[in-house]
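Participant: give me a model of this one.
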Amino acid sequence: MRGWECLTRPSPGQTNLLRKQQVFSIIRPFNELERPIVPDPDENQSIHKLTQMGRYIIIIAAFLGWFFGGMHLGITSLSMGSAAKDLLRGTGQFEVTVAERSAAQQQFEESGKGDVQGLAQAKAVQRLETASSKWYGYYICALLFGGAAGGLVFGRIGDRFGRVKGMTAAICCYSGVSFVAYFAQTPEQLLVARFVVCMGVGGMWPNGVALMSEAWAGASRPMLAGVIGTAANIGIFMVGVAGKLREVTVDDWRWVMLMGAAPIVLGLLVPLIVPESPRWLAQRARGSSPGTPEKTRTKPESSTGEIFRPGMFAVTLVGILLATVPLFGSWGSSNWAVKWAEDAGSDGLKAQVIMARSLPGIFGSFMGGWIASLVGRRRSYFFNSLICLGSAQCMFWFSSPTEPTVFLVWTAVLGFFSGIFFGWLPLFLPELFVTRVRSVGAGVCFNFGRI
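Facilitator: Predicted coordinates:
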């Protein structure tokens with residue numbers, strides 16, 4: 001063996017130690033769910049620089065930002081099915097074809113029931129229904145992938161330029177582009193617009209949660225995590241109320257896009273009145289101050305790729321997996337229940353489903369952070385996952401939109417317990433990451449769980 005190989009190749013004992021360290025780096029996040037994974041050098045710095053009024057302004061701004069983000073989640077469920085039918089119908093591709101007219105003529109001659117025009121029209125309508133369901137799925141994908149992209153883009157902005165600037169950009173994005181979506185003339189145009197809108201929604205959550213968690217002491221955070229968790233469900237509920245008061249139909253859905261544009265006022269106010277995170281300011285000062293010792297100096301700028309590098313990748317992976325269960329399972333299943341209600345239920349049932357899901361979710365979200373602190377993060381997550389699984393099976397197996405009462409009851413049960421996750425996640429995900437990557441880290445974990 002060459003001399004340099006003796007210096008660089010680890011001994012068998014060192015190899016075993018390295019393997020144990022690699023395994024421990026993967027399981028460590030699961031074993032330490034009850035406390036922050038990464039020690040933050042800015043954890044106790046500069047909190048006193050915020051006035052009490054400044055802290056309350058931060059809560060209000062974060063709440064409203066995620067409230068309007070929740071409205072856009074509700075808008076997807078409430079209006080995208082009707083929008084798809086309208087825009088597809090406008091393309092002229094779903095008029096009665098010669099083949100459909102011939103098939104209708106043959107069916108009429110064989111059965112003698114109905115009329116040729118009515119039978120042909122029914123076939124064209126069925127073709128439109130099939131295509132609109134496919135496009136509804138595309139709009140759901142735009143929400144999911146747009147949210148994931150927004151978590152990366154706006155999370156990076158929040159870590160690089162400040163939480164307030166990240167929030168401002170995200171709010172202006174989802175409100176401004178929603179106004180543009182009002183003028184969409186094709187399904188493709190609406191798809192692009194909704195993707196960008198949902199980028200803003202996905203970018204609002206990590207910046208708002210990071211700003212709030214950095215502005216308040218640990219004793220207050222379980223309750224505040226519940227408060228921020230309720231915001232989206234209140235927004236979804238208000239969309240359901242609006243849909244109940246004014247039904248969204250194929251001929252009347254564009255007004256919902258204007259409702260989604262209203263938060264632009266908040267986006268203009270946030271940079272004027274909301275104070276910046278003191279921990280973010282402290283981290284930036286520690287990284288750039290020439291008087292700071294080299295060994296304690298932090299990077300003035302973060303990199304998005306930092307959360308995927310060794311030492312932090314395992315933590316990021318665990319965060320994504322923990323967010324996947326509530327976002328893909330509980331939230332995803334209840335979201336498709338709205339489409340099921342629209343297709344198989346009575347008129348107006350989809351608005352009732354949105355309300356039945358989101359109203360109990362408000363209380364569940366508010367209790368989520370408190371339950372996690374009282375019972376423990378691991379226990380609360382495990383048992384709530386089991387309950388949500390059972391509730392979803394009961395909703396889809398033992399109820400149907402054709403029996404609205406039973407269907408709405410199980411929708412409400414699932415809404416309450418899935419809401420608990422959205423008080424749990426704002427408490428736990430920011431604890432995983434240090435200040436310089438907290439926005440992008442929490443945003444990636446939360447939004448990649450949707451995919």
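Participant: can you tell me the closest non-neighbouring residue to Gln361?
Facilitator: Small correction: residue 361 is Gly, not Gln. Ranked by CB to CB, 6 or more residues apart in numbering and with sequence neighbours excluded, the top spatial neighbour of Gly361 is Gly419, at 3.2 Å. Every C-beta, even on glycine, is put in place using the N, C-alpha and C of the backbone.
Participant: now do the contacts for the one you found.
Facilitator: For Gly419, the residues meeting the contact criterion (CB atoms under 8 Å, 6 or more residues apart in numbering) are Gly229, Thr230, Asn233, Pro360, Gly361, Ile362, Phe363, Gly364, Ser365, Gly368.
Participant: against Gly226, how distant is Arg286?
Facilitator: Look at Arg286 and Gly226: by CB to CB, to the nearest Å, they are 31 Å apart.
Participant: pull the longest helix from this structure.
Facilitator: Among the segments of the chain that qualify as a helix by DSSP state H, the longest is helix 116-161.
Participant: now find how far off-centre it is within its chain.
Facilitator: Taking CA atoms, centre = their mean, to the nearest Å, the mean C-alpha location of helix 116-161 is offset from the chain mean by 15 Å.
Participant: and that helix, what does it pack onto?
Facilitator: If you count contacts as 3 or more CB pairs under 8 Å, 6 or more residues apart in numbering; DSSP states H and E, helix 116-161 packs onto helix 52-90, helix 98-111, helix 163-181, helix 187-215, helix 332-344, helix 438-448.
Participant: now Ser400: how far from Val406?
Facilitator: When CB to CB is applied, the distance between Ser400 and Val406 equals 8 Å.
Participant: let me fix that, I meant to ask about Ser399.
Facilitator: Going from Ser399 to Val406 by CB to CB gives 4 Å.
Participant: more crowded one of the two?
Facilitator: Ser399 (18 against 15; other CB atoms under 10 Å).
Participant: mind checking how far Val177 is from Met257?
Facilitator: Val177 sits 10 Å away from Met257, taking CB to CB as the criterion.
Participant: now Leu374
Facilitator: Distance check for Leu374 against Met257: by CB to CB, it reads 41 Å.
Participant: for Trp280, list the residues it contacts.
Facilitator: Under the criterion of CB under 8 Å, 6+ apart, the contact list for Trp280 reads Gly162, Arg163, Glu214, Thr435.
Participant: can you classify it by secondary structure?
Facilitator: Reducing the assignment to helix, strand or coil with DSSP: H, G, I helix; E, B strand; the rest coil, the entry for Trp280 is helix.
Participant: so where do the helices sit in the stretch 251-400 of the chain?
Facilitator: With DSSP state H, counting those that start in this stretch applied, the stretch 251-400 of the chain shows helices at 255-261, 264-273, 278-288, 313-324, 332-344, 349-375, 377-397, listed in chain order.
Participant: ok, back up a step: neighbour-wise, which one of the contacts of Trp280 leads?
Facilitator: With neighbours taken as other CB under 10 Å, the top of those is Arg163, carrying 31 neighbours.
Participant: mind listing what it touches?
Facilitator: With contact set as CB under 8 Å, 6+ apart, Arg163 has these partners: Asn207, Gly208, Ala210, Leu211, Glu214, Glu276, Ser277, Trp280, Ser439.
Participant: overlap in contacts, Val177 and Met257.
Facilitator: Shared contacts of Val177 and Met257, defined by CB under 8 Å, 6+ apart, are not found at any residue.
Participant: is it true that Ala124 touches Gly92?
Facilitator: No: distance between Ala124 and Gly92: 11.5 Å, which falls outside the contact criterion (CB atoms under 8 Å).
Participant: the more surrounded of those two?
Facilitator: A direct count of neighbours by other CB under 10 Å for Ala124 and Gly92 places Ala124 higher, at 18 against 7.
Participant: how far away from the center of its chain is stretch 374-383?
Facilitator: Stretch 374-383 sits 22 Å away from the centroid of its parent chain (CA atoms, centre = their mean).
Participant: C-alpha coordinates for that stretch, CSV please?
Facilitator: The C-alpha coordinates for stretch 374-383 follow below in CSV (Å, rounded to 0.1, in the frame of the first residue of the first chain):
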residue,chain,number,x,y,z
LEU,A,374,-49.2,18.7,25.3
VAL,A,375,-49.0,15.2,23.9
GLY,A,376,-45.7,15.4,22.1
ARG,A,377,-44.9,15.8,18.5
ARG,A,378,-44.4,12.2,17.7
ARG,A,379,-47.5,10.8,19.4
SER,A,380,-49.8,13.5,18.1
TYR,A,381,-48.6,13.1,14.6
PHE,A,382,-48.8,9.3,14.7
PHE,A,383,-52.3,9.0,16.2
